[in-house]
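>>> give the three-dimensional model of this entry:
(2 chains)
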Amino acid sequence: MVRLTMVDQVHMEVVTSSSTLQIGDSQSIHLLTRALAVQKESSVFEGNEGDLSPFYLFRMAIPQPIIHEPLYYNREDLVPVIKVGTVRVISAAASSLVHIGSTGSIEAESRIKHFRHYNEVPAGYRPRPELTIPT
Amino acid sequence: MILNVVNHGLSIGAIEVKGIASASVLLIGDCERIGTSSIFDTPPESLVVGTSTALVPLAPR
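Model (predicted):
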C-alpha cells in the first residue's frame, strides 16, 4: 500500500519541454527531451537548422547504476497520509516532473546541446591551441 | 541489503521551488523506483563565429 497525499494548494507558472505536472497516483512515468539550445547574436533562422543526428550526445548510451545485491524492503505506514499546505513552483522544464501522489516508476532523460553563435569573434576570446572535434 | 522503513506522520506547511529542470523530480508521495539522467554539453567547439546562418559548421557528418 502507498500513502495518501493531501495538498491544499498548488501554484505553477510554467511547464515546458516534456515536463509534467501530475496530480493523482500513477503507475509509470517516462520523460524524454532532446534539444539544441542556440544563443545567436542575430536571430536569423533559415528553418532547416536543428538536425540532431550529427551529434553523438543524442545517441550515446547513458551509464546506469548497477545494483549488485538483492534488496529486501519492508515498510510500515503508521500514518498513511502525507500532508502539505502549499506548493509553489515557478517552472518545470526539460523532462522534469512535479508529482503529487504516489507512483511506481519514474524514468527521466534530458539531452541538451548548447551553442553560442556570434557574428564576430567576441572580445577576450582565445581559441584553444588544439581543437578536437567530438564525433 | 535489508531495509526497514517506518513512516510516521509527515506534515509540511509550504514548499517553494524556483525551478525544476533537466530530468529532475519533485515528488510528494511514494515511489518504487526513480531513474533520472541528464546530459548538457557546451564545449568550446560549440562556439560559432561568423554571419553564416548554418547552425553548426564544425559538426562532422
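>>> all strands of chain B, in order?
Here chain B has its strands, by DSSP state E, at B:2-7, B:10-21, B:25-28, B:31-41, B:47-49.
>>> minimum distance to A:Met60: which of those has it?
strand B:31-41 (7.7 Å; C-beta to C-beta). C-beta here means a position set from N, CA and C on the backbone, and glycine is covered the same way.
>>> packing partners of that closest one?
strand A:103-118, strand B:25-28 (3 or more C-beta pairs under 8 Å, 6 or more residues apart in numbering or on different chains; DSSP states H and E).
>>> most centrally placed residue in chain A?
Ranked by distance to the mean C-alpha position of chain A (C-alpha atoms, centre = their mean), the top residue is A:Ser95 at 3.2 Å.
>>> on that earlier part again, mind putting the strands of chain B in TSV, mean neighbour count included?
TSV is the format used below for these (neighbours: other C-beta atoms under 10 Å in any protein chain shown):
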stretch	mean neighbour count
strand B:2-7	10
strand B:10-21	14
strand B:25-28	19
strand B:31-41	15
strand B:47-49	18
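>>> out of these, nearest to A:His11?
Once these are compared by C-beta to C-beta, strand B:10-21 is nearest, at 9.3 Å.
>>> using PDB, write out every CA atom in that closest one.
Only the C-alpha atoms of strand B:10-21 are listed here, as PDB (Å, rounded to 0.1, in the frame of the first residue of the first chain):
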ATOM      1  CA  LEU B  10       4.600  13.800   7.700                       C
ATOM      2  CA  SER B  11       3.000  17.300   7.600                       C
ATOM      3  CA  ILE B  12       4.600  20.200   5.700                       C
ATOM      4  CA  GLY B  13       3.400  23.800   5.700                       C
ATOM      5  CA  ALA B  14       4.700  25.100   2.400                       C
ATOM      6  CA  ILE B  15       7.100  24.100  -0.400                       C
ATOM      7  CA  GLU B  16       8.600  26.800  -2.600                       C
ATOM      8  CA  VAL B  17      10.700  25.900  -5.600                       C
ATOM      9  CA  LYS B  18      12.000  28.300  -8.200                       C
ATOM     10  CA  GLY B  19      12.900  25.800 -11.000                       C
ATOM     11  CA  ILE B  20      12.900  22.200 -11.700                       C
ATOM     12  CA  ALA B  21      14.900  21.400 -14.800                       C
END
